[in-house]
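Visitor: Everything below, folded, please.
(chains A and B)
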Amino acid sequence: MQPAIEVHELRKTFKVQRNREGLAGALRDLFRREYVEVTAVKDISFTIPQGEICGYIGENGAGKSTTIKMLAGILVPTSGTVRVAGYVPWRERERFVRNIGVVFGQRSQLWWDIGVIESFRLLRKVYRVPMADYRRRLDELVERLQLGDLLNRPVRKLSLGQRMRCELVASLLHNPSILFLDEPTIGLDIVVKTEIREFLIRLNREHGTTILLTTHDLQDIEALCSRVIMLDDGRIIYDGGLDELKTRWSRGREIRLQFGEQVALERLERLTADLPGASWQAGRDMTAVLRVPADVNLSDALARVVGSGVDIRDIKFMETSTDEIVREIYKSGSASGAERLVGAT
Amino acid sequence: MTSMYLDLIRIRFLMMLAYRVNYYSGIVIYAVNIGAYFFFWHAIYGDQEAIRGFTLAQMTTYVAVTWMARAFYFNNLDREIANEVRDGSVAIQFIRPYNYLLVKLFQGFGEGLFRLLLFMTPGLVVVCLIFPIELPRDPAVWLLYAVMLVFSFIINAELNLLTGMGAFYIENVDGLLRMKRVFIDLFSGVLVPIALFPGWLAALSEWLPFQAIAYLPSAVFTGRSTGDEALAAIGLQAAWAVVLIIPIMLMWRAARKRLFVQGG
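Guide: This is a model prediction of the structure:
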């Protein structure tokens, strides 16, 4: 079975106008423009098998959207090769795009001034979907996303959540095998987010649709993706499972203890001295935090503290969230962290 | 395939209906323009019978018909394309299995059809009641004129596609679009019939595509061009409609590679 998406040494360079400073500069700009080349995507390679849900994450300007736009046939790559669903997207664009669905969270693909159902009817003709197929799919999608009473309203009168659900229908009417989602949950409330996530999981399970999504909301990733590709400054700095990302980058678990009396830090440190990697940090109001690396048994660590007879009032366990991990990776930058990550996969 | 393009025309028709104020204000603008030109030419003619072979009645008819034709062929495809390129929504157009430029052309046609039916026809009736206008009696002239109007639309739309695509190359195309509009209104003969241009300017405009948009069909309609001359005018229109496809294709191919989607 051929992979859904194959990317090899993909690169995209934009020529961006540079404005010279001051009046003299502006006058010179009038006659001769200066351009700077900006490379948004720097020779990336990856392969996504059919039926996978893959998260594509990175900071603003990391090159996520540019990649998606090349995969969807919108932009022409500067160099490198792309094959999606067996096509070279930009070269055979009109035939290729029948196989994909695209949703841009920040951009509507529905016609603004007319009823939603009119947009769907037009899309049916654009994609040449047979009437029977169209009816069946539309019924199914409308029921799953609960759109029933929205269909006759013009798009401009829909709320963001309603619109986004309609966008999903619009992108799926022609039953594409690959779905690209560029920040599909941006600006949505938690209820709609959850609905959309559940819908996507079911879509993937029942129709085997391959999904590639970019997002800033890591809960999307946790709920949907088995695999994550992380991008920084146009390069891939991580490509692998979400769990792996967590274990490698997690600083372990934290146990927050609330004592009934003042306890000296040295005393606490003595208790866990034989546990490799365990460390203490004193907090305010008679609290302290014990950090335990992932490979140390949690009950071992706890037994040492509890068994020592210290007056403990409260215990809280905390796990490093994906948010924190990702923030940590972004902060540390691509250089050293990146090598560690790529080497790890 | 065809049903898709028919639907595009239908949708644009619906969209035009959605904005009724635009429709009514359009009627007022055209009525004011035709009225202003009527009184303007009336003053210029004074006691004269004819100017360069144009009688006042012919001139009035010319003005009314040319403006009514403009209602049909005029559209804002150039601005639409420029806006879509500038705000990045052109990206959406590229994920659809159709030709963007053809789609634009048909949307423009939907707009033109809307104005032809709900604007030009009732407008012409009203104008005929108010001003002394001579309509041709020969049905063949009407038929010829209908064909020429379609070519007017095509040539004007082609020029709009070309200037609209300028947005792929220049960050702000407003100046270019405004210049194009003035050029078309002047050299197409909407403001002044080309027959009244000074010799060198008339000669120049014969080599430009603009006169094929308004002057040639209006000349046929008002009876200034007849017989072989009228057929030659249609031939010239057809030639321009075909020739203009070449720069459009070249520009489009280059633009595809240059596309830079704003907003990430």
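Visitor: who in the stretch 1-150 of chain B is up against chain A?
Guide: Within the stretch 1-150 of chain B, the residues that sit near chain A (Cβ under 8 Å from any Cβ of the partner chain) are B:1, B:3-4, B:7-8, B:11, B:14-15, B:18-19, B:88-89, B:91-92, B:94-99. For glycine as for every other residue, the C-beta is placed from the backbone atoms N, C-alpha and C.
Visitor: Could you measure from the residue nearest in space to the middle of chain B over to A:M131?
Guide: Centroid check for chain B by Cα atoms, centre = their mean gives B:Y73 as the closest residue, at 3.3 Å. Counting by Cβ to Cβ, to the nearest Å, the gap between B:Y73 and A:M131 amounts to 35 Å.
Visitor: Equivalent analysis for B:P209, please.
Guide: Relative to A:M131, B:P209 is positioned 43 Å away (criterion: Cβ to Cβ).
Visitor: For the two, indicate the residue with more neighbours.
Guide: When B:P209 and A:M131 are compared for neighbours, B:P209 comes out ahead with 21 against 8, by other Cβ atoms under 10 Å in any protein chain shown.
Visitor: Just give the number of residues close to the residue nearest to the more buried one when sequence neighbours are not counted.
Guide: Sequence neighbours aside, B:W240 is the residue nearest to B:P209 in space, at 4.5 Å (criterion: Cβ to Cβ, 6 or more residues apart in numbering or on different chains). Using other Cβ under 10 Å, B:W240 has 21 other residues around it.
Visitor: next one: A:I57
Guide: By other Cβ under 10 Å, neighbour count at A:I57 equals 25.
Visitor: beta partners for it?
Guide: A:M230 (DSSP bridges).
Visitor: which intervals of the stretch 151-264 of chain B have sub-threshold pLDDT?
Guide: The stretch 151-264 of chain B contains residues with pLDDT under 70 at B:260-264.
Visitor: the helices in it, which residues?
Guide: Taking DSSP state H, counting those that start in this stretch, the helices of the stretch 151-264 of chain B run over residues B:174-187, B:199-206, B:215-221, B:227-243, B:245-258.
Visitor: any idea how far the last one is from the chain center?
Guide: A distance of 22 Å separates the centroid of the chain from that of helix B:245-258, by Cα atoms, centre = their mean, to the nearest Å.
Visitor: Which neighbouring elements make contact with it?
Guide: With contacts defined as 3 or more Cβ pairs under 8 Å, 6 or more residues apart in numbering or on different chains; DSSP states H and E, helix B:245-258 has these neighbours: helix B:139-165.
Visitor: how about the strands in the stretch 1-150 of chain B?
Guide: Assigned by DSSP state E, counting those that start in this stretch, the strands in the stretch 1-150 of chain B fall at B:50-51, B:54-55.
Visitor: separation between the nearest residue to B:A82 once chain neighbours are set aside and chain A?
Guide: The shortest distance from B:A82 to any non-neighbouring residue, by Cβ to Cβ, 6+ apart, is to B:A167 (3.9 Å). Distance check for B:A167 against chain A: by Cβ to the nearest Cβ, to the nearest Å, it reads 14 Å.
Visitor: count of neighbours near residue 125?
Guide: The chain I'm using is chain A. A:K125 has 18 neighbouring residues, counting by other Cβ under 10 Å.
Visitor: my bad, the chain I had in mind was chain B
Guide: B:V125, neighbours per other Cβ under 10 Å, totals 9.
Visitor: now it: how far from chain A?
Guide: Counting by Cβ to the nearest Cβ, the gap from B:V125 to chain A is 29 Å.
Visitor: follow-up on the earlier one: ranking the strands of the stretch 1-150 of chain B by burial, who's on top?
Guide: Ranked by mean neighbour count, these are led by strand B:54-55 with a mean of 18 (mean count of other Cβ atoms under 10 Å in any protein chain shown).
Visitor: Over to A:P184. Which of the three states is it?
Guide: State at A:P184, reduced to three classes by DSSP: H, G, I helix; E, B strand; the rest coil: coil.
Visitor: list the contacts for the residue nearest to B:F114 when sequence neighbours are not counted?
Guide: Excluding the flanking residues, the one nearest B:F114 by Cβ to Cβ, 6+ apart is B:M16, at 4.4 Å. Residues near B:M16 by Cβ atoms under 8 Å, 6 or more residues apart in numbering or on different chains: B:N22, B:Y23, B:G110, B:E111, B:F114, B:R115.
Visitor: circling back: I figured the residue nearest to B:P209 hits B:I155, correct?
Guide: Yes: when contacts are counted by Cβ atoms under 8 Å, B:W240 is listed as touching B:I155 (5.3 Å).
Visitor: quick one: common contacting residues for these two?
Guide: By Cβ under 8 Å, 6+ apart, B:W240 and B:I155 have these common neighbours: B:P209, B:A212.
Visitor: Which residue ranges of chain A form helices?
Guide: Under the criterion DSSP state H, helices of chain A are mapped to A:22-31, A:64-71, A:93-96, A:116-126, A:131-144, A:160-172, A:190-207, A:218-224, A:242-249, A:265-271, A:298-306, A:322-332, A:335-344.
Visitor: Let me know the pLDDT of B:R12.
Guide: Looking at B:R12, its pLDDT reads 84.
Visitor: gap between the closest residue to it other than its chain neighbours and B:Q93?
Guide: In space, and not counting its chain neighbours, B:R12 is closest to B:G110: 3.0 Å by Cβ to Cβ, 6+ apart. Applying Cβ to Cβ, the value for B:G110 to B:Q93 is 16 Å.
Visitor: Between these two, point out the one with more neighbours.
Guide: Neighbours around B:G110 and B:Q93, counted as other Cβ under 10 Å, are more numerous at B:G110. The numbers are 23 against 18.
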